[in-house]
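**Q** Based on what follows, work out the 3D shape:
(chains A, B, C and D)
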2 protein chains.
Amino acid sequence: MSYQRKKILAAAVELYLQDGLDGFSMRKLAKQIGVTAPALYRHYDGKEHLLADVMREAHRAFISYVYQAIEAPTPLERFVRAGQGFLDFALEHPRWHVILYFGPEDLGMVELPADIEAMSGARHQFWIDRVRECMDAGILKEGDPTQTGLTMWAHAHGLLQLYRQGHLRIAETEFRALFEESAGRLWSGVATEAFAAQFADRQSDASASVEA
Amino acid sequence: MSYQRKKILAAAVELYLQDGLDGFSMRKLAKQIGVTAPALYRHYDGKEHLLADVMREAHRAFISYVYQAIEAPTPLERFVRAGQGFLDFALEHPRWHVILYFGPEDLGMVELPADIEAMSGARHQFWIDRVRECMDAGILKEGDPTQTGLTMWAHAHGLLQLYRQGHLRIAETEFRALFEESAGRLWSGVATEAFAAQFADRQSDASASVEA
DNA sequence: GTCTATAATCCGATAGAC
DNA sequence: GTCTATCGGATTATAGAC
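**A** Predicted coordinates for the structure are as follows:
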């Protein structure tokens, strides 16, 4: 990737994170860099290729938050750290989070580039693997990990969206507590009896260590 | 409301349902009615007031799907019918569903009109009341109905969004089955022990009666 | 590689004639 | 109450000079 392309992409990322998709235009981007709009087309074929590169950056950012969970020593800890990373990522970088879910029409394409689809698939698979591990370890009830993982994913996704759209009317600290509580209710539906209570314990421990 | 205002609103509803918020413009609307754009401003102060009226129509449509649940004889049936109505509404009229969640900035306002906020509040309250009833009847675990209701709301909301954005890559019939399954997993986390299995039974009964 | 100029479309909203 | 004409703005993208 040429030096100019890098510079353009860096500015595009900054512009997207500031103004979102609707506020993203080639003219604004050019102005921010200090050139005129047509100059950008020497380096990028069009807005959609540029936005696709911004999506790739979002995936890199996501990876840096979530994939480190693999280093934890136990399936449960890997599971918890993956979930925690997911939540931190979404709350700390909401614009990064939403772009991960963009469809081709959002970028003005008919299909997403294959490599982006592959990154989305890997991201999804990583989570399913964390769920499967916990099933194998007897922590989560037996079943199709894809299904159980989806239930938890949907819950997190929905709660986050309600919060971000302002329907919950609470601040981030309160939302994090609410998220844990709500996840706890779901947990007692998906965990084995032996582990159903453990989540609540872990929460109490965490609260206790914060208070201490 | 004058005759012309009604005619404009009806066309606006049609245009919104067809083209969505992004495809909604005063010029297109005027063309669809057969007048020129400035004529609309004789009857509506601006785009935002028109869109606010479209939101009000969405609430009316929602009510027709969900509030009839109140007629069912038991708390559990009222709960189930409310949930079913919610799902039907969202799947049959996705554009109606998303407009319910619009914030003021989507319409180009600083605050939503008070009556719209009130309708949203009532909609939310209706669901919470269904949850509270089930708690009082010993069907759902004791707790704050707002919290438990939120957990279920978030799950449904998230699952719907993942489906509508195409991340699940399944058709509607399969999605409805998946939704029931996923809701069942959540149910066993929020229901009392005595009723935890009942949901699964109800599902099986429903499937059986469909197959029969 | 970058520029100016411009094409070709969109948008919301208003003034003033009829 | 509707029209024409227009203001003032946005957008992606290209042609052609430098």
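
**Q** Kindly confirm whether my reading is correct that A:Leu178 touches A:Ala171.
**A** No - using CB atoms under 8 Å, A:Leu178 is not in contact with A:Ala171, being 10.5 Å away. Every residue, glycine included, has its C-beta placed from N, CA and C.

**Q** which one of those two has more residues nearby?
**A** Set A:Leu178 next to A:Ala171 and count neighbours by other CB atoms under 10 Å in any protein chain shown: A:Leu178 wins out with 18 against 9.

**Q** OK, contacts around the residue positioned nearest the centre of chain A?
**A** Nearest to the geometric centre of chain A sits A:His97, at 4.6 Å (CA atoms, centre = their mean). By CB atoms under 8 Å, 6 or more residues apart in numbering or on different chains, the contact list for A:His97 reads A:89-90, A:160.

**Q** what's in contact with the biggest helix by length in chain A?
**A** The single longest helix within chain A, with elements called by DSSP state H, is helix A:114-136. If you take CB under 8 Å, 6+ apart as the criterion, helix A:114-136 is touched by A:52, A:55-56, A:59, A:62, A:66-67, A:69, A:75-76, A:78-79, A:82, A:86, A:100, A:140-143, A:145-146, A:148-149, A:152-153.

**Q** Swap in 7 Å and give it another go.
**A** A:52, A:55-56, A:59, A:62, A:66-67, A:75-76, A:78-79, A:82, A:140, A:142-143, A:145-146, A:148-149, A:153 (CB atoms under 7 Å, 6 or more residues apart in numbering or on different chains).

**Q** likewise stretch A:161-181?
**A** Here stretch A:161-181 has contacts from A:87, A:91, A:94, A:159, A:203, B:101, B:103, B:147, B:154, B:157-158, B:161, using CB under 7 Å, 6+ apart.

**Q** just to revisit the earlier point, now, the contacts of A:His97 that are in helices?
**A** A:89-90, A:160.

**Q** For the residues you listed, give me a markdown table that also has distance to A:Gln198.
**A** Shown next, in a markdown table, are the ones in helices among the contacts of A:His97 (distance: CB to CB, whole Å):
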| residue | distance to A:Gln198 |
| --- | --- |
| A:Phe89 | 25 |
| A:Ala90 | 25 |
| A:Leu160 | 24 |
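
**Q** Out of those residues, the closest to chain B would be?
**A** Taking CB to the nearest CB as the measure, chain B sits nearest to A:Leu160 out of the ones in helices among the contacts of A:His97, at 8.0 Å.

**Q** ok, the closest one - contacts?
**A** A:Ala90.

**Q** quick one, helices of chain A?
**A** A:3-19, A:26-33, A:37-40, A:47-66, A:75-92, A:94-99, A:104-107, A:114-136, A:145-164, A:172-190, A:193-196, A:198-211.

**Q** wait, which of those helices is closest to B:Glu111?
**A** Of all the helices of chain A, the one in closest proximity to B:Glu111, counting by CB to CB, is helix A:145-164 (18.2 Å).

**Q** what angle do the closest one and helix B:145-164 make?
**A** Helix A:145-164 runs at 110 degrees relative to helix B:145-164, counting by axes from the mean of the first three to the mean of the last three CA atoms, to 10 degrees.
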